[in-house]
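Q: show me how the following folds:
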Amino acid sequence: DQDGLPDIFIAGGEAPSALLRNRSQRGGEIKFTKQTPQELSLDNVTGAYPLDIDGDGFLDLAVLRVGANMIFKGAENCQFSPLTGFNDDYVSGWTTSFSATWETGQSLPTLAFGNYVDRNHPEGPFGTCDQNFLYRPSGANYQDPLALDPGYCPLSMLFTDWGRQGRADLRVSNDRHYYLHDGEEQMWKMTDEPRLYSAKEGWQTHKLWGMGIASRDITGDGIPEVYLTSMGDQRLQLLDKDQDGPFYRDATYSRGTTAHRPYTGGDGRPSTGWHVDFGDVQNDGLDDIFVTKGNVQQMPGSAMDDPNNLMMQQLDGTFQEVGDSAGIASMHRSRGGAMVDFNLDGLLDIAVVNRQADFEVYQNVTVETGNWVAIKLQQERPNRDAVGAWIELMVGHKKFSRELTVGGGHAGGKIGPEHFGLGSFETAKMRVIWPDQTHSGWVEVKAGSTVLALRNGLEGLTLGDY
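A: This is a model prediction of the structure:
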């Protein structure tokens, strides 16, 4: 509704989906009111991602479903209508993942939908993973979808410029519980004819119960690290820049990111990770990691009392679990989640969607925090929100590199100002590498502000209040 306060759309599965409008006071108590337009009250919704597909300034919704997926065009007063030019007639699908990017020269984004097991296969569900589909635009409409085969039951996918080569490729995290022996994690090279990266190109075989993906440069080298949720060990992966291609190595156990068993509650069986998000919860200039946890339903080999994780990064790059002391150690079967500043006080809050339990919002009330700045990019149509751009921020001698993406997480995402913790610094220098690889000049931003950074010509950048 363009009031600057982030709203929430929640998938309900068999129950109707819902739109929660943010009625918080800026800097005050967080409050949401359920106000769902009839068009958005849908059954069989598995997830959703916001993005401005047509560049009109109103956020649209890609809605994932058991059955035909839908894209809703947003308008004034929280009104939504089906997007013309997009039609999903794959009514037998069970969609569990999504990502989007603007490819060079296109007026609409390329859309990727990942489907889970084939519901109609007579020998399912094990070993019967369904196809995934890529929708590429043709003018103002979409071409017939291209099948991305083989499919291995993805629960998350993300278009990302993983090596800063100027093109986003599609990373796919797959669930080995159903693909059994033949599958693995995947990376599609987004050339004219998409194809999988091979071992000769650096891709390493990784097999896990892939649930969620998050990407963030947490080391300061300009290249994003990748966090993959799973059953048992969660994986933090770092690109080996001494190798050619997408060659990733797992972070060692001593890094403190595996979150493989519950840290409280007394259940020593392996954890089940779902959504993952990076964010600086106390604004010390170090990104932290939030993971939702919860048993699938009654899987006896996995923990039932499986609290969500909040792993705070330390100065030496290791992570320390603080979920219990932070008050977010819910024992519900959590699934979706987000770290977003809901009341615009400069602190990241947490939202969690639970299976067979109430939706939860945790307001960040940390007292001793550092400074912060939030940055929202904007350019001319078609890609108004600059998906695929990079924000580079110099804070003292430290450099942040932040990619703007749509996708990842677990069946849900977010879009809005990018939040940076600044520690004790009161100013920072920023520049933008736009999706067409044009670099802006460096400009100064002040702590405690939400900045609207408007593209002005090739290298110009006009700053204002968001």
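
Q: find the helix or strand that residue 49 is a member of.
A: For residue 49, the host element (DSSP states H and E) is strand 45-51.

Q: who touches that strand?
A: By C-beta atoms under 8 Å, 6 or more residues apart in numbering, the residues outside strand 45-51 that reach it are 9, 11-13, 17, 59-66, 94-100, 109, 336, 385, 387, 406-407, 410-415. Quick note: C-beta positions are derived from backbone N, CA and C, even for glycine.

Q: quick one, helices of the protein?
A: Under the criterion DSSP state H, helices of the chain are mapped to 176-179, 323-326.

Q: how does this structure divide into domains?
A: Domain ranges of the chain: 1-91, 370-466, per automatic domain parsing.

Q: so can I have CSV of the ones you listed showing mean pLDDT, distance to residue 177 and mean neighbour count?
A: Below are those laid out as CSV (pLDDT from 0 to 100; distance: least, C-beta to C-beta, whole Å; neighbours: other C-beta atoms under 10 Å):
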stretch, mean pLDDT, distance to residue 177, mean neighbour count
domain 1-91, 95, 17, 17
domain 370-466, 97, 15, 18
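
Q: a markdown table for those domains, including distance to residue 304?
A: As requested, the domains of the chain are exported to a markdown table (distance: least, C-beta to C-beta, whole Å):
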| stretch | distance to residue 304 |
| --- | --- |
| domain 1-91 | 20 |
| domain 370-466 | 19 |
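
Q: which ones are touching residue 351?
A: By C-beta under 8 Å, 6+ apart, the contact set of residue 351 is 8, 337, 338, 340, 342, 359, 360, 361, 362.

Q: and if you look at residue 353?
A: Applying C-beta under 8 Å, 6+ apart, we find residue 353 in contact with 10, 11, 334, 335, 336, 337, 359, 412.

Q: ok, so what distance separates the spatially closest residue to the first one that is not a sequence neighbour from residue 416?
A: Counting by C-beta to C-beta, 6 or more residues apart in numbering, residue 10 lies nearest to residue 18, which is 5.0 Å off, once chain neighbours are set aside. When C-beta to C-beta, to the nearest Å is the yardstick, residue 18 and residue 416 sit 19 Å from each other.

Q: just residue 106 next, same as before
A: According to C-beta to C-beta, residue 106 and residue 416 sit 23 Å apart.

Q: if we can go back for a sec, just to check, the residue nearest to residue 10 is in contact with residue 33?
A: No - with contact defined as C-beta atoms under 8 Å, residue 18 does not reach residue 33; the gap is 10.7 Å.

Q: can you get me a residue count around residue 257?
A: Per other C-beta atoms under 10 Å, the neighbour tally for residue 257 reads 25.

Q: quick one: contacts for the nearest residue to it once chain neighbours are set aside?
A: Of all residues beyond its chain neighbours, the one nearest residue 257 is residue 236 (4.2 Å), with distances taken as C-beta to C-beta, 6+ apart. Going by C-beta under 8 Å, 6+ apart, residue 236 touches 225, 226, 227, 228, 250, 251, 255, 257.

Q: what pairs with residue 236 across the strands?
A: In this entry, residue 236 is beta-bridged to residue 227, by DSSP bridges.

Q: what's the spacing between it and residue 242?
A: 18 Å.

Q: show me what the closest residue to residue 11 other than its chain neighbours is bridged to.
A: The shortest distance from residue 11 to any non-neighbouring residue, by C-beta to C-beta, 6+ apart, is to residue 45 (4.2 Å). Under DSSP bridges, the beta-bridge partners of residue 45 are residue 13, residue 65.

Q: quick one, which residue of the chain lies the farthest from its center?
A: When each C-alpha in the chain is compared with the mean C-alpha position (C-alpha atoms, centre = their mean), residue 122 comes out farthest, at 33.6 Å.

Q: pLDDT wise, what is it at?
A: With respect to pLDDT, residue 122 has a value of 86.

Q: in contact with the residue nearest to residue 158 when sequence neighbours are not counted, which residues?
A: Sequence neighbours aside, residue 408 is the residue nearest to residue 158 in space, at 3.9 Å (criterion: C-beta to C-beta, 6+ apart). Remark: with contacts taken as C-beta under 8 Å, 6+ apart, residue 408 is in contact with 99, 156, 157, 158, 160, 212, 213, 214, 215.
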